[in-house]
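Peer 1: need a 3D model of the sequence below.
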Amino acid sequence: MGEIEEPLLSTSKLECLEQEDDVNEPEVAEDNRKPLNMSPGAVQLRKWLNKTLKIEMSDGRVLIGVFLCTDRDANIILGSCSEYLPEDTILERWSSDVSNGDEARMLGLVMVPGKHIVNICMDEIDQSSMERPLSSDLDTEGIM
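Peer 2: Presented below is the predicted three-dimensional model:
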């Protein structure tokens, strides 16, 4: 009665260790198609991923950046984002010497609150021109 029995190692312990090794292996995706239950809006958002968007905000600022994600509150994450201030704001903040409204401020990764978004544009002409390969038929005389 006073003896304490030591538990015997069973093969189940070895099986558990083997299963732990399998957990760390990445699973291969069997199907790369989109889920069948995606709404038309979700399909459209997926098409806009990694495209350049121009967002006009309620205070007049314009943000241009790469669309990375959104959430249910219509907040948007833009990458490589630049901010353009409206001209009247620039004139108020700076002297009359600096009145160029085209000067951008690089922001980087930005979260744009959905409640401040007035308008969103995607310039499809610029997108298609970026996807075309450069032509070797360039007129170098016009450039120089």
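Peer 1: buried residues in the helix or strand harbouring residue 83?
Peer 2: For residue 83, the element it lies in under DSSP states H and E is strand 76-84. Residues 76, 77, 78, 81, 82, 84 are the ones in strand 76-84 that count as buried (16 or more other C-beta atoms under 10 Å). For every residue, glycine as well, the C-beta is placed using N, CA and C.
Peer 1: stretch 111-122 now?
Peer 2: 112, 117.
Peer 1: contacting residues around it?
Peer 2: 48, 51-59, 63, 73-78 (C-beta atoms under 8 Å, 6 or more residues apart in numbering).
Peer 1: filter those residues to the buried ones?
Peer 2: Buried among the contacts of stretch 111-122 by 16+ other C-beta under 10 Å: 52, 53, 54, 55, 56, 57, 63, 76, 77, 78.
Peer 1: between the residues you listed, which is nearest residue 39?
Peer 2: residue 76 (17.9 Å; C-beta to C-beta).
Peer 1: paired strands for the helix or strand hosting residue 109, with orientation please.
Peer 2: Taking DSSP H and E as the definition, residue 109 sits inside strand 104-112. Taking DSSP bridges as the criterion, strand 104-112 forms sheet pairs with strand 76-84 (antiparallel).
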